[in-house]
Structure formats: structure tokens, C-alpha cells
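**Student:** Sequence first, predicted model second:
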Amino acid sequence: MLRSMKKTLALCASLVLMSTAQICNAGIVSTGAMLTPEYWIQQNPNANAVILDAKGVSNLNSKIVSESPSVCDLASYPVSITGINIKSDIADYSLLEDDLYLRGVKVSDNYKNILRTQTNISAIPGTISVQYGVVVRRCPVRNLPTGEALFYDPEDKDFDALQETMLDPCEPVAILHTSQNGYFYYVQARNYKGWVYKGNVGITDRKTWLEYVKPSNFLVVTDKDLTLKVGAEQVLYQQGSVLPIVKEVPEYRTVAAPARDKNGRLIKEPVNVLKSNTKVNKGFLPYTSANIIKSAFKFYNSPYGWGGLKDSVDCSSLVFNVYRTVGIYLPRNADEQETTAGAIVNLSGMDIAQRNVQIGALVPGAALAMPNHIVLYLGQNNDEAYAIHSLGSHVENGARKVEMKVVVSDLKLKRADGASYLAHLTSACEYR
């Protein structure tokens with residue numbers, strides 16, 4: 001996440017959590033049929049129309065790669081890369097210029113210097129020979145090589161400044177560098193670079209790695225999450241995770257769940273998934289408005305999870321997860337989701353009436369973006385636009401109100417300056 005965005009969101013949200021005011025859900029739907037995907041699907045006569053077929057999705061993904069700097073095509077990732085670019089990425093220590101707190105205590109300059117040293121940039125060669133890994137359990141991607149949580153506010157416990165995103169089991173990563181103590185890898189995932197604890201990654205060869213990059217036969221997690229027993233461990237896969245199928249019989253499919261041997265090498269653990277399991281689908285779901293909305297509602301009322309923490313979603317990871325169930329791999333962060341490939345309508349400069357016209361013409365399931373936030377459009381009720389989104393807080397009667405969960409709301413919700421979501425919207429995004 002961009003540093004300025006992270007700091008703004010984290011500081012505002014941590015102040016919210018310090019408030020003890022009674023929560024009032026004006027603008028947020030608390031009961032009734034509008035809290036079901038069926039309600040919104042029934043409003044749309046074209047809900048089950050295919051927006052893009054498999055070829056169209058593939059073409060869109062190629063455009064996303066070309067237009068979004070954070071997203072890459074791992075299938076064509078080079079076997080070696082120039083070290084100077086990686087050194088430049090890793091050596092961005094701007095986050096350490098701010099006051100940061102560890103367990104409520106301001107961290108020292110010496111502590112920050114230790115973190116800088118652990119990035120081990122002096123060991124980055126001119127040419128990096130890429131290693132290949134597969135994530136074996138859901139794990140954080142960090143801004144710096146440490147598992148310790150640092151915060152912009154001493155009272156905050158939710159908005160870790162070093163937390164970037166989460167990676168799910170079966171996700172392939174290109175390993176580009178190792179921390180000085182050897183505990184963390186710096187990796188390139190499909191749409192993010194950062195540090196992951198090496199115990200969460202199994203090393204393998206390129207040929208095996210490519211079986212996870214682009215499997216020919218696979219299951220997709222379509223529920224909020226799926227837990228499988230892999231060896232002796234219960235492993236969580238979040239929505240949109242792809243599990244390669246290695247065998248199929250009438251009652252079940254066997255997937256190649258990744259695990260790690262004592263030497264850190266990848267092991268393919270065969271795990272049987274019953275065909276009656278409703279949390280998965282064989283192959284990607286058809287890209288329809290109905291499927292996007294159904295997937296989004298799987299997270300309804302789930303906790304707000306900054307950077308994917310709490311085994312949940314923040315605003316942009318909700319959008320990312322929902323769209324990967326249909327095979328579309330968006331950027332991870334809201335600012336890039338707003339500017340990536342697709343039919344993006346710039347709403348800046350439009351008055352409220354013009355914004356309403358543009359939103360009313362959208363396919364439900366499209367994204368609506370504003371500074372530091374993104375939501376999924378559901379449709380209209382009594383000429384009011386509604387959305388589902390992972391919400392930290394909103395403002396009512398001049399006071400900030402905590403939500404910290406996935407909600408359904410209208411666009412009259414207010415932000416810190418007292419203006420509505422509708423007034424703050426900058427783009428309407430149809431990914432097609």
C-alpha cells in the first residue's frame with residue numbers, strides 16, 4: 001500500500017477505535033432483504049449474462065498486467081532479473097521516517113536501523129537468479145523483514161504499518177532476496193512484492209512452480225474461505241484461492257496441497273475434496289454480475305481486516321478476492337484498482353445528478369472508487385445507489401462512528417469532511 005494512504009487510513013482508524021460513542025447505523029442497512037445477494041440479483045434482468053468469456057478474461061488480465069505496475073505475469077517471469085531495481089524497491093525506508101510504536105512504546109532509531117540492516121541490500125547482486133516458491137499456509141506480506149507489528153498510534157492494535165497484504169496457500173512466488181538473518185524472503189507474487197517469512201514458503205523447481213502459476217485443472221474457493229487438513233495442519237484458503245487438481249473420481253477430487261519438508265522444499269500433499277463441497281467450484285465461475293454479487297456477500301458482516309489480517313478483508317482485498325473467483329486478477333490496492341484496465345469512468349468534476357446517471361448505468365458488481373476507499377456497487381433502491389464494502393468508519397452528526405466490518409450501505413454515508421460517499425467518488429470501474 002502507498003505509504004501516505006497507509007498512514008492516513010491507519011491514523012484515522014486508530015482514532016476511531018479510541019472512541020466510546022454509541023454506534024448509530026444511519027446509511028448502513030441493518031435488517032431486511034437488502035442484506036441478501038438474491039435481492040440485488042432479482043433487480044437486474046441481466047444478472048446472469050456473461051460479461052466476458054474465458055478468452056475475454058484472459059485478454060483483460062493481459063491488459064491489467066500492462067497497465068498496473070504491481071501486477072505481473074508470473075508465467076513469463078524471467079529466470080534472472082537486474083538487481084538494481086530490486087535494491088531500489090527494498091531500500092525505500094520512508095515508512096521509518098515516521099514515529100512508530102511497538103506494543104505501545106515508541107521504537108528507537110536503533111530499532112529502525114536494525115530493520116534497515118535486515119533488508120541486506122548490500123548482498124543483492126547485479127543479476128539475481130530467481131528462485132521459485134509456493135506458499136504453504138496463509139501468510140502476511142510485510143513492508144520490512146519482521147513479524148513484529150508497528151503502529152502509527154500507541155493505542156492502535158488493528159492497523160499495522162508494516163502489513164501489506166496476505167498470500168494464500170498454493171500461491172506461487174518468485175524469490176528474489178533473503179534477509180540478513182535468513183528468516184525472510186523478498187518475493188514477487190502475482191500483484192505484490194514484499195517480505196514473507198520463509199517458513200511459509202516451499203522451494204521448488206520452475207517446472208513444478210508453473211503447475212501452480214497456471215494449472216490446467218483446478219478448484220477455486222468460492223466461499224469466504226475453506227479449511228483443509230494438510231498433513232497435521234488445518235490450512236485456511238481464502239476466497240479466490242486456486243488448488244490444482246491431480247485426480248478425480250466420482251465422489252471427490254484430489255488436490256495438490258502444498259507443504260514444506262524439513263529442508264524447506266515443497267511437498268505436494270494429496271488432499272481429497274468432496275464433490276458435494278459447496279465452498280469450491282471446478283474452474284473459475286462464469287463472469288456474471290450475479291456471481292460477483294454472490295461472492296461479495298460471502299463476506300457480509302465479516303470483520304474489517306487491514307491488509308488481510310483477522311483472516312478477513314479490507315476494502316480493496318474484498319474487491320480483489322471477488323474478482324479472482326471469475327479469473328480476473330486485479331491489483332491489490334484501491335488506487336491501482338481505480339486506474340487499471342477496463343471501462344473506467346472519471347467522475348471527478350461531475351455534479352451529484354451526473355454521478356447518479358453514471359452509477360445507474362453500471363453493471364451491478366462494478367467498483368466505485370474514492371480517495372482511500374473502494375466499494376462494490378449493488379444496484380438501486382428507491383433511486384438510491386447501494387454498495388457492499390469493508391468499512392472502518394464513517395461520520396454522522398459530526399462524530400466518527402466505528403464499523404470495522406463488511407456492510408451494505410447507501411452512498412449517503414459521510415466522510416471526515418462531512419461530504420457524502422457519492423460526492424467523494426472519483427471513478428466508476430467496470431472490469432471488462
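**Tutor:** That came in fine, so what should we check first?

**Student:** quick one: K310 and Q238 touch, right?
**Tutor:** No: using Cβ atoms under 8 Å, K310 is not in contact with Q238, being 11.4 Å away. In this view, the C-beta of every residue, glycine as well, is placed from N, C-alpha and C.

**Student:** Of the two, give the one with the bigger neighbour count.
**Tutor:** Between K310 and Q238, counted using other Cβ atoms under 10 Å, Q238 has the larger neighbour count: 24 against 14.

**Student:** beta partners of the more buried one?
**Tutor:** Beta-bridge partners recorded for Q238 (DSSP bridges): D225.

**Student:** Quick one: residues contacting it.
**Tutor:** With contact taken as Cβ atoms under 8 Å, 6 or more residues apart in numbering, Q238 is in contact with 138, 166, 168, 221, 224-225, 308, 311, 321.

**Student:** The same query, at a cut-off of 10 Å, please.
**Tutor:** Going by Cβ atoms under 10 Å, 6 or more residues apart in numbering, Q238 touches 138, 166-169, 221, 223-226, 299, 305, 308, 311-313, 317, 321, 324.

**Student:** Give me the buried entries from those.
**Tutor:** 138, 166-169, 221, 223-226, 299, 305, 308, 312-313, 317, 321, 324 (16 or more other Cβ atoms under 10 Å).

**Student:** Which members of those are positioned in strands?
**Tutor:** Secondary structure from DSSP state E places 166-167, 221, 225-226 of those in strands.

**Student:** Which of the residues you listed sits closest to G56?
**Tutor:** Among these, V221 lies closest to G56 (Cβ to Cβ), at 22.6 Å.

**Student:** what's the distance between the closest one and V273?
**Tutor:** Going from V221 to V273 by Cβ to Cβ, to the nearest Å gives 10 Å.

**Student:** same question, S289
**Tutor:** Look at S289 and V273: by Cβ to Cβ, they are 28 Å apart.

**Student:** What of L391?
**Tutor:** Going from L391 to V273 by Cβ to Cβ gives 33 Å.

**Student:** Same drill for those two, tell me which one is more crowded.
**Tutor:** Set side by side, L391 and V273 show more neighbours around L391, with 23 against 19, by other Cβ under 10 Å.

**Student:** thought the more buried one was touching K405?
**Tutor:** Yes: contact criterion Cβ atoms under 10 Å: L391 and K405 qualify, at 6.9 Å.

**Student:** So which residues of the stretch 51-200 of the chain form helices?
**Tutor:** Here the stretch 51-200 of the chain has its helices, by DSSP state H, counting those that start in this stretch, at 54-67, 83-90, 109-118.

**Student:** Show me where the stretch 251-400 of the chain has its helices.
**Tutor:** Remark: helices assigned in the stretch 251-400 of the chain by DSSP H, counting those that start in this stretch are 289-297, 315-324, 334-339, 352-360.

**Student:** Tell me how far the second one lies from the chain's centre.
**Tutor:** To tie it back to what came earlier, the one meant is helix 315-324. Centre-to-centre, helix 315-324 and its host chain are 6 Å apart (Cα atoms, centre = their mean, to the nearest Å).

**Student:** Tell me the helices and strands packed up against that helix.
**Tutor:** Applying 3 or more Cβ pairs under 10 Å, 6 or more residues apart in numbering; DSSP states H and E, one finds that helix 315-324 contacts strand 163-167, strand 218-221, strand 233-238, helix 289-297, helix 334-339, strand 367-370, strand 373-381, strand 384-396.
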